[in-house]
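Asks: task: produce atomic coordinates for the following.
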Amino acid sequence: MGSVIAGILPLALAIVASAAAIIALIVLLMGGRGTVVGGAFCAGWFLGVMAVMALAITFGLAAPADSPRWELWTRLVIGALLLALAMRKILVIRRAASRERRPPRWMSGLAGMGAGRALLLGALLAGVNPKNLLLALAAASAVVASTLPEAQMWGAAAIFAVIASGGVLVPFSIYLVMGARAKVPLASVRTWMEGNTDGITLTILLIFGAKLVADGIAGLT
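Replies: I've put the predicted structure just below:
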């Protein structure tokens, strides 16, 4: 199982670098019920990633086993979609450069958000966000295509979800340990993330899109 986890680790780390989720978590932590609401958000994030992995593995195990090249085609298609998202991101960045930058609308309601809505938001940002969805699907396809027993596949999926949750678990852990003293460093992280969100996202889309396309083409030719 170690080699499979090593293979999907870069995909998990790409999900970790989700600036919008980290910013959202920091805003929630700075509220009056930071521990409860922040913990719910982190739980939702993990469940969102795990849900994508579970669905993909379930469908993958149910698929016919007589087509060993399906995983390569999956990587190729997912890589192409990531590159398409990168091109779209470039257009969005160019349009945004000509006008005042504003935070997404969904962030305006974070300050008064309860634990239930925070749980749902975490799950949506993790599992429905196109970048994270495609990266998790790529990881799940690699897990299913491995020769691991089914129980170890689910173990690898759970480990992937935990690692992919590192981007929110780390600041949440810092908040738990430092309490009110964490506000200053977390505010600095938020400011840096807000200024570099587009660059982080675009870099991930280009790198992993190109890698998955190259892997798919190399395996099919």
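Asks: what is the burial count for residue 89?
Replies: 18 (other CB atoms under 10 Å). Every residue, glycine included, has its C-beta placed from N, CA and C.
Asks: next up, the contacts around residue 4.
Replies: Residue 4 is in contact with 142-143, 146, 148, 156, counting by CB atoms under 8 Å, 6 or more residues apart in numbering.
Asks: isn't residue 172 right up against residue 40?
Replies: No - applying CB atoms under 8 Å, one finds residue 172 not in contact with residue 40, separated by 10.5 Å.
Asks: circling back: just flag the most distant two among the contacts of residue 4.
Replies: Within these, 142 and 148 form the most distant pair, 10.5 Å apart (CB to CB).
Asks: the more surrounded of the two?
Replies: Taking other CB under 10 Å, residue 142 and residue 148 do not tie; residue 142 has more neighbours (19 against 16).
Asks: element containing the more buried one?
Replies: helix 130-145 (DSSP states H and E).
Asks: could you dump the helix or strand encompassing residue 23 to PDB, C-alpha only?
Replies: Under the criterion of DSSP H and E, residue 23 resides in helix 19-29. Extracted C-alpha coordinates of helix 19-29, given in PDB (Å, rounded to 0.1, in the frame of the first residue of the first chain):
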ATOM      1  CA  ALA A  19      -6.400  29.000  -0.400                       C
ATOM      2  CA  ALA A  20     -10.200  29.700  -0.400                       C
ATOM      3  CA  ALA A  21     -10.700  27.000   2.200                       C
ATOM      4  CA  ILE A  22      -7.900  28.200   4.400                       C
ATOM      5  CA  ILE A  23      -9.100  31.700   4.300                       C
ATOM      6  CA  ALA A  24     -12.700  30.600   5.100                       C
ATOM      7  CA  LEU A  25     -11.400  28.600   8.100                       C
ATOM      8  CA  ILE A  26      -9.400  31.400   9.500                       C
ATOM      9  CA  VAL A  27     -12.500  33.700   9.300                       C
ATOM     10  CA  LEU A  28     -14.500  31.100  11.100                       C
ATOM     11  CA  LEU A  29     -11.900  30.600  13.800                       C
END
